[in-house]
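S.K.: mind looking at a prediction? Sequence and model below.
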Amino acid sequence: MTIFQAILLGLVQGLTEFIPVSSSAHLVLVPWLLGWQFPAGAKFVFDVLVQLGTLAAVIVYFWKDLWAIAVAVLQGLARGKPWGTPEARLGWLVVLATIPAVVLGLLFKDFFEAAFGSPTGTAALLLVTAAALVLAERVGRGAREVTSIKWLDALLIGLAQAVAILPGVSRSGATISAGRALGLARPAAARFSFLMSVPVMVGAGVVAAKDLLDMPNFGGYVLPIGLAMVVAAVVGFVCIRWLLSYLGRGSLYGFAVYCAAAGLGCLAWGLVR
């Protein structure tokens, strides 16, 4: 992998991780469209580790919220009242929402890795993301805030996140759509989606880092991955800020149109090739 390729893919990751158009799909489809060839195992590790850049963006953007949640959870445990404050309650709901992705990710790790090797399958799943976004706009008329989320809401949104391990199913799109379907306002659904991305990205990054260290030539990937992470972090931070502002007034239909067009276009390209 060249430095240019790594920087471009880091840019793609930063642009598409939080905007509901599936960063995993773009990390699969962009190299495929450009004719870039990478070892399958190394490419999967790169795709997971570059997400640590966008993880850094989430942590920096929401550091006050994350700090308040962490302190509240620890204080709640020390006082024997783990759900004693809204912040502590939100922290445990994020933990609950993370469990489905952790369980499915560990149980079906090989299956998900193999899915990243199918560009046409990824393109087809973009159509699923498009349908989910449209459905969320049609049925999601509620205005609930994050403080109203209950344990069943968190679990259902977590299941949506677990499905989004598949490339082509947008993680932010799936979780925001699930939140909207459960009556959350768009900004509230997006905020909870971003917060619950932190433990999942951390866990996936740890597993991918171990896989990287096990690769015989892992030293050659350190610089490209590092540069891609920096680019993804900077661009991802800007995208978080923009999306939260946009969702206060705009709908998800535009993202659905993009996903449908990209999916159909890539499927057509696959048939031509």
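M.R.: Cool, got the structure.
S.K.: for the rest of this, base every contact and every neighbour count on C-alpha atoms.
M.R.: Fine.
S.K.: what about residue 141, is that helix, strand or coil?
M.R.: Secondary structure, DSSP: H, G, I helix; E, B strand; the rest coil: residue 141 is coil.
S.K.: what's it sitting at in phi/psi?
M.R.: The phi/psi pair for residue 141 (degrees, to the nearest 10) reads phi -110, psi 0.
S.K.: what does the one 3 residues further on give?
M.R.: Backbone torsions for residue 144, taken as degrees, to the nearest 10, come to phi -70, psi 150.
S.K.: surely residue 177 meets residue 133?
M.R.: Yes. If you go by Cα atoms under 8 Å, residue 177 and residue 133 touch, sitting 5.9 Å apart.
S.K.: list the contacts for the residue most central in space within the chain?
M.R.: Centroid check for the chain by Cα atoms, centre = their mean gives residue 171 as the closest residue, at 4.1 Å. If you count contacts by Cα atoms under 8 Å, 6 or more residues apart in numbering, residue 171 has them with 17, 20, 22, 160, 161, 164, 165.
S.K.: so which of the residues you listed wins on neighbours?
M.R.: residue 161 (30 neighbours; other Cα atoms under 10 Å).
S.K.: count of neighbours near residue 179?
M.R.: Using other Cα under 10 Å, residue 179 has 29 neighbouring residues.
S.K.: show the contacting residues for the residue nearest to residue 195 when sequence neighbours are not counted.
M.R.: Distances taken as Cα to Cα, 6 or more residues apart in numbering place residue 94 nearest to residue 195, at 7.1 Å, with adjacent residues excluded. Shown in contact with residue 94 (Cα under 8 Å, 6+ apart): 154, 192, 195, 196.
S.K.: try it again at 10 Å.
M.R.: Residue 94 is in contact with 69, 88, 151, 154-155, 157-158, 192-193, 195-199, counting by Cα atoms under 10 Å, 6 or more residues apart in numbering.
S.K.: which secondary structure element contains it?
M.R.: For residue 94, the host element (DSSP states H and E) is helix 86-107.
S.K.: pull the distance from whatever helix or strand comes next after that helix to the chain's centre.
M.R.: Following helix 86-107 in sequence order, the next helix or strand is helix 109-115 (DSSP H and E). Its chain's C-alpha centre lies 17 Å from the corresponding centre of helix 109-115 when counted by Cα atoms, centre = their mean, to the nearest Å.
S.K.: show the average pLDDT along helix 109-115.
M.R.: For helix 109-115, mean pLDDT is 71.
S.K.: start to end distance for stretch 23-43?
M.R.: This stretch, stretch 23-43, spans 14 Å end to end (Cα to Cα, to the nearest Å).
S.K.: quick revisit: tell me which residues in the helix holding residue 94 are buried?
M.R.: Within helix 86-107, the residues scored as buried using 16 or more other Cα atoms under 10 Å are 87-102, 105.
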